[in-house]
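**Student:** here's my sequence, what's the structure:
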Amino acid sequence: MSTLKSTEYTPGPLLTAARTTPTALWNDSADPDELRQSIAFGGVGATCNPTIAYTCINQKKERWLPRIAQIARERPEASESEIGWQVVREMSIEGAALYEDIFEEHRGRNGRLSMQTDPRLARSATALADQAEEFSRLAKNIIVKIPATSTGIEAIEEATYRGVSVNVTVSFTVAQAVAAGEAIERGLARREAEGKDVATMGPVVTIMVGRLDDWLKIVAKREQLFLDPGHLEWAGVAAFKRAYQEFQARGLRARLLSAAFRNVMHWSELVGGDVVISPPFAWQTLINASDYTVEPRMDRPVDPGIMRTLLSIPEFVRAYEPEGLSIPEFDTFGATVRTLRGFLAADADLDALVRDVIMPEP
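**Tutor:** Okay, the predicted model is just below:
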């Protein structure tokens, strides 16, 4: 049941930004307790991924382990993976219900909870699109994550055409964001050509800003680059601002979404844009407890000195330029590989957790 009508809002920078700028706040978790407080901060949506889903289940074992055992009894032929994903479905449906009022108020643009397609399906565009469509039917306000890989770009267009509101993920570069935004446009155009509704769809394209920072730090260390390490904290911000300019110039209807927080600039530097910012709950708590004065900064360029450092790194140029990567190169970009491996590991961790419930070690 939605709680919007009874929400007691929590004053602070997050609520101020939500009420005075076009920037939307979402929560990077599907935990219902966190979602309720995020709504009180002014949040109007939520994101999730396999790592976060596993963490939510693992942190509330008292609730979910008995449910895993129950599902195993109800579905005696189900695999460990099928049981684990059933829990993810149930958690997502519960979280989505908290945003129903917001979804109606915003006519589908916000009030959505993200579910992510199984990373083990990443090699098949058809399997990704099929699962995205299935997930989107679990609740009217589910938005579905599909990775910005070469296969994912194909699935993003097809899922959009089928009426799925897509949240593009595993995306770190301007080239990936633009390709994904254009794929969404093609899917929307196909629907429009057939007279199908697009007005209530709410696609977003994520740039995992912190994971781009992480990757460039690895590159700088590996290549023994002599530079100001603080400048690397700005890589994701710079790429996001560039992508925002490209989306505006190209008239792409999907909004950009900032995720994978590593520093407070991943919120403060992007406020003011017509975008979504999705911090983990701990970051929201930190930001809202501060005395920060909100000011729109999306249109403020990154300091030229910092940009000179970043543009001296070829791997950053690949991430920053709209043509910096070809679509086939999305699959081998370092941050893509590292993130997909992490998501696959989280799937394996969830399988192991289910195994310990249904087949405990004697």
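**Student:** what sits against the nearest residue to N49 once chain neighbours are set aside?
**Tutor:** Once flanking residues are discounted, N49 sits nearest to Q116: 4.8 Å by Cβ to Cβ, 6 or more residues apart in numbering. (Each C-beta comes from the backbone N, C-alpha and C, glycine too.) Applying Cβ atoms under 8 Å, 6 or more residues apart in numbering, one finds that Q116 lies in contact with 48-50, 53, 144-145, 169, 343.
**Student:** mind listing the strands for this protein?
**Tutor:** Taking DSSP state E as the criterion, the chain contains strands spanning 24-25, 27-28, 45-47, 112-116, 142-147, 166-169, 204-208, 255-259, 276-277.
**Student:** dump these to CSV, plus mean pLDDT and distance to A235.
**Tutor:** Shown next, in CSV, are these (pLDDT from 0 to 100; distance: least, Cβ to Cβ, whole Å):
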stretch, mean pLDDT, distance to A235
strand 24-25, 98, 23
strand 27-28, 94, 19
strand 45-47, 93, 21
strand 112-116, 95, 24
strand 142-147, 97, 20
strand 166-169, 98, 18
strand 204-208, 98, 11
strand 255-259, 98, 13
strand 276-277, 98, 17
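**Student:** could you dump stretch 151-169 to PDB, C-alpha only?
**Tutor:** The C-alpha trace of stretch 151-169 is given here as PDB (Å, rounded to 0.1, in the frame of the first residue of the first chain):
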ATOM      1  CA  THR A 151      23.300  -7.100 -27.100                       C
ATOM      2  CA  GLY A 152      21.600  -4.900 -24.500                       C
ATOM      3  CA  ILE A 153      21.100  -2.000 -27.000                       C
ATOM      4  CA  GLU A 154      19.100  -4.400 -29.200                       C
ATOM      5  CA  ALA A 155      17.100  -5.600 -26.200                       C
ATOM      6  CA  ILE A 156      16.500  -2.000 -25.000                       C
ATOM      7  CA  GLU A 157      14.800  -1.000 -28.300                       C
ATOM      8  CA  GLU A 158      12.700  -4.200 -28.500                       C
ATOM      9  CA  ALA A 159      11.600  -4.000 -24.800                       C
ATOM     10  CA  THR A 160      10.700  -0.300 -25.300                       C
ATOM     11  CA  TYR A 161       8.600  -1.200 -28.400                       C
ATOM     12  CA  ARG A 162       6.800  -3.800 -26.300                       C
ATOM     13  CA  GLY A 163       5.800  -1.000 -23.800                       C
ATOM     14  CA  VAL A 164       8.400  -1.600 -21.100                       C
ATOM     15  CA  SER A 165       9.800   1.400 -19.400                       C
ATOM     16  CA  VAL A 166      13.500   0.700 -19.400                       C
ATOM     17  CA  ASN A 167      16.300   1.800 -17.000                       C
ATOM     18  CA  VAL A 168      19.500   1.400 -18.900                       C
ATOM     19  CA  THR A 169      22.300   0.100 -16.700                       C
END
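**Student:** from here on, call the first residue 14.
**Tutor:** Sure, I'll start numbering at 14, so the last one becomes stretch 164-182.
**Student:** just how off-centre is that stretch within its chain?
**Tutor:** Between the centre of stretch 164-182 and the centre of its chain there are 14 Å (Cα atoms, centre = their mean, to the nearest Å).
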